[in-house]
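Asker: Just to be clear, the model below is a prediction. Sequence and coordinates:
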Amino acid sequence: MINIIKFPIAINFQNLVTLTLKRVIFPDNHRTSIFFYGLPSLKDLTLLDCDWKKVGSVTIVCPSLQNLFLREWKGEDEDEYDDDDNHSDHEEEDVEDVDDVFEAAFQNINYHHGDINIVANELVTFSYEGNLVNDYYFLSYPISW
């Protein structure tokens, strides 16, 4: 069952160490940044099939984060390039296949949902499963709490 949960603008879970979010629709970059900023002790973060479309560009600051797992796939209603089409060994059709690959890559631009900057100076493990719907940037710089 999908429900919408609205958190207050400022939320602070000082001692929360592990967090898993599944199918969360993040509302915008400001509230999303504030939400993650309120998790200073977070060590393990799992984000499963979350929707970042409304966020655009956001910076997530989690200085204690050690383990991050992200899973994201295009929605079922969004067609993907199907590589099970009939392929043959003819050079002419190989050129068409290359053109198809470029066309699929161009269409993937339309699926881009956001730029997510992650500041996690203690990050040890990063795992990703999906088809690169978003762009992720890992940043490291001094942060004082």
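Answerer: Sure thing, it's come through.

Asker: how many neighbours does L70 have?
Answerer: The number of residues packed near L70 is 20, by other C-beta atoms under 10 Å. C-betas here are computed from N, CA, C, even on glycine.

Asker: who touches Y128 in this structure?
Answerer: Counting by C-beta atoms under 8 Å, 6 or more residues apart in numbering, Y128 touches 69-71, 136.

Asker: For PyMOL, what selects the buried ones among those?
Answerer: In PyMOL, a selection of the buried entries from those looks like this (16 or more other C-beta atoms under 10 Å):
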select buried, resi 70+136
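
Asker: List just the nearest of the contacts of Y128 to G114.
Answerer: Using C-beta to C-beta, Y136 is the member of the contacts of Y128 that sits closest to G114, with 9.4 Å.

Asker: Identify the residues contacting the closest one.
Answerer: 70, 116, 118, 128.

Asker: Tell me where the protein has helices.
Answerer: 29-37, 91-108 (DSSP state H).

Asker: how close does K22 get to P40?
Answerer: In this view, K22 and P40 are 23 Å apart by C-beta to C-beta, to the nearest Å.

Asker: my bad, should have said S140
Answerer: According to C-beta to C-beta, S140 and P40 sit 17 Å apart.

Asker: Pick out whichever of the two has more residues nearby.
Answerer: Set S140 next to P40 and count neighbours by other C-beta under 10 Å: P40 wins out with 17 against 12.

Asker: who are the neighbours in contact with the more buried one?
Answerer: 14, 62-64, 145 are the contacts of P40 under C-beta under 8 Å, 6+ apart.

Asker: swap in Q14?
Answerer: Counting by C-beta under 8 Å, 6+ apart, Q14 touches 40-41.

Asker: In strands only, show me the contacts of Y128.
Answerer: Mapping these onto strands (DSSP state E) picks out 69-71, 136.
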